[in-house]
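Enquirer: Sequence plus the predicted model coming up.
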Amino acid sequence: MASTFSSTIPIVDLSKPDAKTLIVNACEEFGFFKVINHGVSMEAISQLETEALKFFSLPLNEKEKAGPPNPFGYGSKSIGPNGDVGWVEYLLLNNNQEHDFSLYGKNHEKFRCLLNSYMSSVKKMACDILELMAEGLKIQQKNVFSKLLRDKESDSVFRVNHYPACPELAVNGQNMIGFGEHTDPQIISLLRSNNTSGLQIYLRDGSWIPVPPDHNSFFINVGDSLQVMTNGRFGSVRHRVLANGFKSRLSMIYFGGPPLSEKITPLPSLMKGKESLYKEFTWFEYKNSTYGSRLADNRLGHFERIAAS
Ligand SMILES: C=C1C[C@]23C[C@H]1CC[C@H]2[C@@]12CCC[C@@](C)(C(=O)O1)[C@H]2[C@@H]3C(=O)O
Ligand SMILES: O=C(O)CCC(=O)C(=O)O
Ligand SMILES: [Fe+2]
């Protein structure tokens, strides 16, 4: 049933002149869209995917040497510090790579190299998209958003998720949560996965729609911070992943975040005389409150300003 609606997911061709308009419309309506002609080499993507799969195929006790994630490293089943669980194992990495890479398998040098070049291409794409967004929103300063990711203090995160096939599901046809519903707290997330389904987004009409997988494309999420910077004009998208009974899913996500000291506040040009819907806070404060929350919590709720009437 629901899959008939999946054709509604906007597709943005980054090489076309209408990209900025489509991006703004998609962010207003869904907080989510798919990007084609993104310019990241498929070769680089599949090489990284191969290395990641090699890591996940190591025995659990080997992988656990790279964990638990506090907040970076290998994690299995448990997500975040507050009791969330899913049918998933993952690597959480930051873009400064301060941790000991030798824990990431025999070929860790190759893995690190591939990761670094992938992360710089994806970061570049994120900045291009954020600049198109600013243009589409008719903001004078084209780099208002992208400068936050380009900042050397940018608090961006990278995650590789592996959802093993869950054979019991194939037998009894039930649903099982791979990664529970949530919004991403950062500015923007860029997701690329193999061809296994599972990702779903929540529409404002209250329905969950499956996102048909496409290993050649990227999927873009509006994060909570971008919702605030646009004073609610863009909404962060709730999403989740269901485990698959037959095939394993591998996804890689770049979460573009601002420097810790950055004030997350609506851009004056988007306020049009209105008041901010949010209290003032820094990314440091928001991130802290995020790590004190459960996955499904409405984290932005604590920072909403109740309009004085
Ligand atoms: C229960 C959790 C787990 C969190 C923090 C908190 C709420 C939101 C989760 C995420 C979701 C987006 C990526 C991530 C890295 C992030 O910034 O927020 C995740 C983080 C984690 O997996 O550690
Ligand atoms: O693995 C996926 O496809 C999405 C996971 C996700 O939403 C996340 O890691 O924030
Ligand atoms: Fe997410």
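Expert: Arrived safely. Ligands and ions are numbered 1, 2, ... in the order given.

Enquirer: show me what contacts Gly80?
Expert: 291, 294-295 (C-beta atoms under 8 Å, 6 or more residues apart in numbering). Backbone N, C-alpha and C define where each C-beta goes, glycine included.

Enquirer: mind listing what Gly136 touches?
Expert: Gly136 neighbours (C-beta under 8 Å, 6+ apart): 20-21, 23-24.

Enquirer: So Glu28: helix, strand or coil?
Expert: Three-state assignment for Glu28 (DSSP: H, G, I helix; E, B strand; the rest coil): helix.

Enquirer: Count the neighbours of whichever residue of the stretch 101-250 of the chain sits closest to ligand 1 for me.
Expert: Nearest residue of the stretch 101-250 of the chain to ligand 1, counting by C-beta to the nearest ligand atom: Asp184, 4.4 Å away. Using other C-beta atoms under 10 Å, Asp184 is surrounded by 25 other residues.

Enquirer: May I have the phi/psi pair for it?
Expert: Backbone torsions of Asp184, given as degrees, to the nearest 10, read phi -90, psi 130.

Enquirer: Let me know the pLDDT of the closest residue in space to it that isn't next to it in sequence.
Expert: Closest residue to Asp184 apart from its sequence neighbours, by C-beta to C-beta, 6 or more residues apart in numbering: Gly223 at 4.4 Å. Per-residue pLDDT puts Gly223 at 98.

Enquirer: re the thing from before, how about TSV for the contacts of Gly136, with pLDDT, neighbour count and distance to ligand 1 added?
Expert: Formatted as TSV, those follow (pLDDT from 0 to 100; neighbours: other C-beta atoms under 10 Å; distance: C-beta to the nearest ligand atom, whole Å):
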residue	pLDDT	neighbour count	distance to ligand 1
Lys20	98	19	26
Thr21	98	14	28
Ile23	98	24	21
Val24	98	20	23
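
Enquirer: Of those, just say which sits nearest to ligand 2.
Expert: Scanning those for proximity to ligand 2, where the rule is C-beta to the nearest ligand atom, the winner is Ile23, at 19.9 Å.

Enquirer: Which strands or helices does the host helix or strand of that closest one pack on?
Expert: Following DSSP states H and E, one finds Ile23 within helix 19-29. Secondary-structure packing of helix 19-29 (3 or more C-beta pairs under 8 Å, 6 or more residues apart in numbering; DSSP states H and E): strand 11-13, strand 32-36, helix 108-136.

Enquirer: repeat that for 10 Å
Expert: Helix 19-29 is packed against strand 11-13, strand 32-36, helix 108-136, strand 218-222, with contacts defined by 3 or more C-beta pairs under 10 Å, 6 or more residues apart in numbering; DSSP states H and E.

Enquirer: ok now it, how far from the chain's centre?
Expert: Helix 19-29 sits 18 Å away from the centroid of its parent chain (C-alpha atoms, centre = their mean, to the nearest Å).

Enquirer: and it, C-alpha only, in CSV?
Expert: Extracted in CSV, the C-alpha atoms of helix 19-29 (Å, rounded to 0.1, in the frame of the first residue of the first chain):
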residue,chain,number,x,y,z
ALA,A,19,18.0,22.4,-8.5
LYS,A,20,17.8,25.2,-6.0
THR,A,21,14.0,25.6,-6.4
LEU,A,22,13.4,21.9,-6.1
ILE,A,23,15.6,21.7,-3.0
VAL,A,24,13.7,24.5,-1.3
ASN,A,25,10.3,22.9,-2.1
ALA,A,26,11.5,19.5,-1.0
CYS,A,27,12.8,20.9,2.3
GLU,A,28,9.6,22.7,3.0
GLU,A,29,7.4,19.8,2.2
